[in-house]
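> I'll drop the sequence and a predicted model, then ask my questions.
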Amino acid sequence: MKTGVPRRTFCKVAGMTAAAGWLGAEAAEAAPLSMLKGAAIAMDGRELSDAEVRLEMRWSGDTCRPIVRNTGVKPVALREVRLFTWEHELPAETWVYGEAFQMLTQTVGTLGSLREIGMGEQAHYRIPGPKDAAVITSLLTLSPPGRPHMMLAYTSCHRFIGRFYVRQKTIEAVVDTEGLTLEPGQSFDLEGMAVMTGLRRETLLSALAQMLNRSHPHTTFRPVPTGWCSWYCFARQVTAKNVIANLDEIQKKLPSLKYIQIDDGYQRAMGDWFEPGRGFEGGVKEVLREIKSRGLEPAIWVAPFIAEGKSTVLREHPEWFVKDATGKPMPAATVSFTGWGGGDWYSLDGTNPEVQRHFEDIFRRMREEWGCSYFKLDANFWGAIHGGYFHDPKATRIEAYRRGMEAVRRGAKDSFLLGCNHPIWPSLGLVDGSRSSGDISRRWTSVSKCMEETMYRNWQNGTLWWNDPDAVVLQDRPDAPMKGVLTAEELRFHATAVFASGGMVLSGDDLTTIPEERLSMLRKLLPPTGAAAVFDDASTLEVGRVRLKDGERVCVFNRSEAAKKIEVPLKRKASLEEIWSGESLGTHERKFIAEVSAHGGLLLKLKEA
């Protein structure tokens with residue numbers, strides 16, 4: 001069965017309006033929609049015929065709802081459903097951006113030279129996929145030189161995850177059906193898809209956000225959260241004394257930091273959230289009550305889907321965990337990354353009703369007894385772990401994760417839920433905030449990487465959730481824990497990136513020892529604007545614009561190893577001020593040439609002259 005879709009066919013099939021020169025003049029003679037042909041794939045890799053399993057692609061304009069139906073007389077286990085294979089002729093210079101299953105991976109570059117930023121999904125998380133292709137999940141944008149942008153995206157994630165296998169000359173759209181059995185006469189409603197082209201990439205992403213919100217309705221949490229996080233100054237060595245000392249400083253100097261978040265380290269073991277660690281021998285509850293008594297909001301870190309091998313919950317309730325083929329709790333290391341902190345992690349099974357009640361109880365107690373109104377949910381990826389066996393054998397890993405998260409929400413009620421190390425599309429409609437980068441550290445390589453990761457996700461901020469660009473770290477820490485030092489230029493770059501995110505602002509410094517000039521930088525980030533920068537060129541991430549009620553801000557970044565002159569086009573005559581230094585840069589018309597140090601960043605305030 002031929003499943004390839006020639007490039008001249010693809011435009012009309014997907015309901016796109018092709019701009020002149022995008023796909024060539026022959027696009028005007030494109031074949032009708034019915035020419036698109038996909039296939040269901042059996043567990044042994046065999047393409048199933050229409051007499052066995054039929055794929056229906058129900059297009060309406062730029063969007064499609066695929067349905068797969070067993071038309072035969074035998075049950076069929078499906079590995080995946082290939083929606084189409086596009087045999088394109090895009091140039092190798094076409095700029096590419098691709099999302100991933102979990103938040104710590106993204107794919108960028110050109111068709112001729114793609115690279116992963118963050119943790120590799122196949123190398124690190126060992127998520128299965130073809131070795132001869134770049135595996136992109138949920139969202140793929142293509143920007144060929146001098147031509148309109150193109151977006152291929154899945155517009156929902158209720159049960160299945162959609163992927164794209166990108167090769168030099170083909171792009172496959174595939175839905176992972178995880179080996180589920182399709183009975184005779186039964187159908188699976190696969191996730192929605194959109195295929196669009198346009199002159200502005202941001203317009204396409206905005207349209208996608210609207211479609212995702214229709215599929216996964218949610219209420220935007222307001223205002224954008226601010227606060228302090230213990231991890232980036234104390235790590236697992238945090239104590240009650242550390243928290244109270246920083247609480248004192250926040251009350252005196254930065255009362256707008258609303259949420260005081262105790263991170264990993266307060267618990268005895270992963271999974272045993274009510275058994276205190278050594279730094280909180282009297283229990284964490286008293287510290288949280290003290291935070292509340294001072295008019296601020298207690299916040300806590302929890303990794304609900306995991307437990308360590310030494311945990312009480314694993315010992316007392318092994319039936320609550322995702323199983324291996326022998327029926328025993330499956331160590332995460334069997335199929336994926338084992339987890340940090342030297343722990344041998346196990347995944348709680350969100351399809352098990354007892355686990356759901358367990359999650360509800362944890363978060364209800366933390367909400368009602370501890371007073372927490374903000375939860376940083378870490379290691380959520382393990383709630384959607386692959387390769388195991390669930391309590392509900394008909395559930396996918398997407399359903400396992402979503403059922404678990406729905407239980408978390410029932411317990412946490414109206415609290416702010418931040419997803420971290422989470423599966424991105426499966427979290428739609430379930431979290432209020434989404435970590436947009438890997439962990440920050442006080443090193444240039446980390447600051448630069450976190451900026452890149454977050455800026456590519458700016459379109460999500462304030463639409464799907466609030467982005468969390470990770471903590472603001474403005475303090476030199478030459479000694480452990482969390483040691484590192486940034487130059488003055490790198491600090492301005494980092495602070496400018498946080499501003500450009502438009503998202504959450506949490507300090508990660510020990511505020512008992514931070515210099516006053518660094519506190520001044522932090523104050524300039526408060527309150528968060530809620531508006532993320534839109535970049536003139538997403539492939540370079542050099543000039544980003546934030547439109548606010550009192551005028552435009554321009555974020556200028558130099559990630560290179562040498563000083564650089566960067567042109568900032570101006571629509572109208574304007575006076576410029578550099579916010580970090582307070583320096584007036586004069587009045588300019590049509591353009592401003594910014595001289596930016598290596599590893600440097602500028603935050604410009606424009607005022608019409």
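Nice, thanks for sending it over.

> count of neighbours near His494?
For His494, the neighbour count with other C-beta atoms under 10 Å is 26. In short, each C-beta sits where N, CA and C put it, glycine included.

> quick one, phi psi at it?
phi -60, psi -50 (degrees, to the nearest 10).

> so it touches Ser446, yeah?
No. Applying C-beta atoms under 8 Å, one finds His494 not in contact with Ser446, separated by 9.3 Å.

> ok, the residue nearest to the spatial centre of the chain - contacts?
The centroid of the chain falls nearest to Met103 when counting by C-alpha atoms, centre = their mean (3.9 Å). Counting by C-beta atoms under 8 Å, 6 or more residues apart in numbering, Met103 makes contact with Gly419, Cys420, Asn421, His422, Pro423, Ile424, Ser434, Arg435, Ser436.

> identify the contacts common to His494 and Ser446.
Listed as contacting both His494 and Ser446 by C-beta under 8 Å, 6+ apart are Ile440.

> now render the contacts of Met103 as JSON lines, adding distance to Asn380, secondary structure and pLDDT.
Listed next are those as JSON lines, based on distance: C-beta to C-beta, whole Å; DSSP: H, G, I helix; E, B strand; the rest coil; pLDDT from 0 to 100:
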{"residue": "Gly419", "distance to Asn380": "6", "secondary structure": "strand", "pLDDT": "98"}
{"residue": "Cys420", "distance to Asn380": "7", "secondary structure": "coil", "pLDDT": "98"}
{"residue": "Asn421", "distance to Asn380": "6", "secondary structure": "coil", "pLDDT": "97"}
{"residue": "His422", "distance to Asn380": "4", "secondary structure": "coil", "pLDDT": "98"}
{"residue": "Pro423", "distance to Asn380": "7", "secondary structure": "strand", "pLDDT": "98"}
{"residue": "Ile424", "distance to Asn380": "10", "secondary structure": "coil", "pLDDT": "98"}
{"residue": "Ser434", "distance to Asn380": "10", "secondary structure": "strand", "pLDDT": "98"}
{"residue": "Arg435", "distance to Asn380": "10", "secondary structure": "strand", "pLDDT": "98"}
{"residue": "Ser436", "distance to Asn380": "14", "secondary structure": "coil", "pLDDT": "98"}
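
> will you turn those into CSV that also has neighbour count?
Output for those, formatted as CSV (neighbours: other C-beta atoms under 10 Å):
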residue, neighbour count
Gly419, 26
Cys420, 21
Asn421, 19
His422, 27
Pro423, 27
Ile424, 28
Ser434, 24
Arg435, 29
Ser436, 27
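
> nearest to Arg46, out of those: which one, please.
Pro423 (28.8 Å; C-beta to C-beta).

> where does the stretch 101-250 of the chain dip in pLDDT?
Applying pLDDT under 70 to the stretch 101-250 of the chain flags no residue at all.

> what segments of it are helices?
Ranges of helices within the stretch 101-250 of the chain are 201-215, 231-234, 240-253, based on DSSP state H, counting those that start in this stretch.

> next: the chain.
Chain-ordered helices for the chain, with DSSP state H as the definition, fall at 7-13, 201-215, 231-234, 240-253, 285-293, 312-316, 353-368, 397-412, 444-455, 488-501, 516-523.

> CA atoms only: put the fourth one into CSV for me.
Backbone C-alpha positions of helix 240-253 (Å, rounded to 0.1, in the frame of the first residue of the first chain) are rendered in CSV as follows:
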residue,chain,number,x,y,z
ALA,A,240,13.7,25.3,58.4
LYS,A,241,16.1,28.0,59.7
ASN,A,242,17.1,28.8,56.0
VAL,A,243,13.5,29.3,55.1
ILE,A,244,12.6,31.5,58.1
ALA,A,245,15.7,33.7,57.6
ASN,A,246,14.8,34.4,53.9
LEU,A,247,11.2,35.0,54.9
ASP,A,248,12.4,37.8,57.2
GLU,A,249,14.3,39.4,54.3
ILE,A,250,11.3,39.1,52.0
GLN,A,251,9.0,40.8,54.5
LYS,A,252,11.4,43.7,54.9
LYS,A,253,12.7,44.1,51.3
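
> check which helices and strands that helix sits against.
Contact here means 3 or more C-beta pairs under 8 Å, 6 or more residues apart in numbering; DSSP states H and E; on that basis helix 240-253 packs against strand 259-262, helix 285-293.

> now with 10 Å, please.
With contacts defined as 3 or more C-beta pairs under 10 Å, 6 or more residues apart in numbering; DSSP states H and E, helix 240-253 has these neighbours: strand 226-229, helix 231-234, strand 259-262, helix 285-293, strand 505-507, helix 516-523.

> gap between the longest one and the chain center?
Helix 285-293 has its average C-alpha position 31 Å from the chain's average C-alpha position, going by C-alpha atoms, centre = their mean, to the nearest Å.

> next: the last one.
When C-alpha coordinates are averaged (C-alpha atoms, centre = their mean), helix 516-523 and its chain have centres 28 Å apart.

> what's the end-to-end length of stretch 67-78?
The first residue of stretch 67-78 is 13 Å away from its last residue (C-alpha to C-alpha, to the nearest Å).

> give me the buried positions along it.
Residues Val68, Arg69, Asn70, Thr71, Gly72, Val76, Leu78 are the ones in stretch 67-78 that count as buried (16 or more other C-beta atoms under 10 Å).

> for the third one, give me its contacts.
This points to Asn70. Taking C-beta atoms under 10 Å, 6 or more residues apart in numbering, we find Asn70 in contact with 40, 48, 52-54, 76, 78, 181-188.

> same check on the last one?
For Leu78, the contact set (C-beta under 10 Å, 6+ apart) comprises 40-43, 48, 53, 68, 70, 175-182, 188.

> please redo it, this time with the cut-off set to 6 Å
Contacts for Leu78 (C-beta atoms under 6 Å, 6 or more residues apart in numbering) come out as Ala40, Thr177, Leu182.

> tally up the residues packed near Gln168, please.
12.

> next: Asp264.
By other C-beta under 10 Å, 20 other residues sit near Asp264.

> ramachandran coordinates for it?
phi -50, psi 130.

> doesn't Trp301 make contact with it?
Yes. Assessed by C-beta atoms under 6 Å, Asp264 is found in contact with Trp301 at 5.4 Å.

> so how far is Phe592 from the closest residue to Ala133 other than its chain neighbours?
What sits nearest to Ala133 in space, not counting adjacent residues and going by C-beta to C-beta, 6 or more residues apart in numbering, is Tyr165, at 4.0 Å. Separation of Tyr165 from Phe592 (C-beta to C-beta, to the nearest Å): 43 Å.

> just Val302 next, same as before
From Val302 to Phe592 the distance is 46 Å (C-beta to C-beta).

> and for Thr445?
With C-beta to C-beta as the criterion, Thr445 and Phe592 are 29 Å apart.

> repeat that for Val135.
Distance from Val135 to Phe592, counting by C-beta to C-beta: 41 Å.

> one more: Phe416?
Look at Phe416 and Phe592: by C-beta to C-beta, they are 38 Å apart.

> now Leu152
According to C-beta to C-beta, Leu152 and Phe592 sit 36 Å apart.

> those two - which one has more neighbours?
Leu152 (23 against 20).

> and the more buried one, bridged to which residues?
Judged by DSSP bridges, the bridge partners of Leu152 are Leu140, Val195.

> related to what we said a few turns ago, if any of the contacts of Asn70 are buried, give me the PyMOL selection for them.
Buried members of the contacts of Asn70, defined by 16+ other C-beta under 10 Å, are picked up in PyMOL with:
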select buried, resi 40+48+52+53+54+76+78+182+188
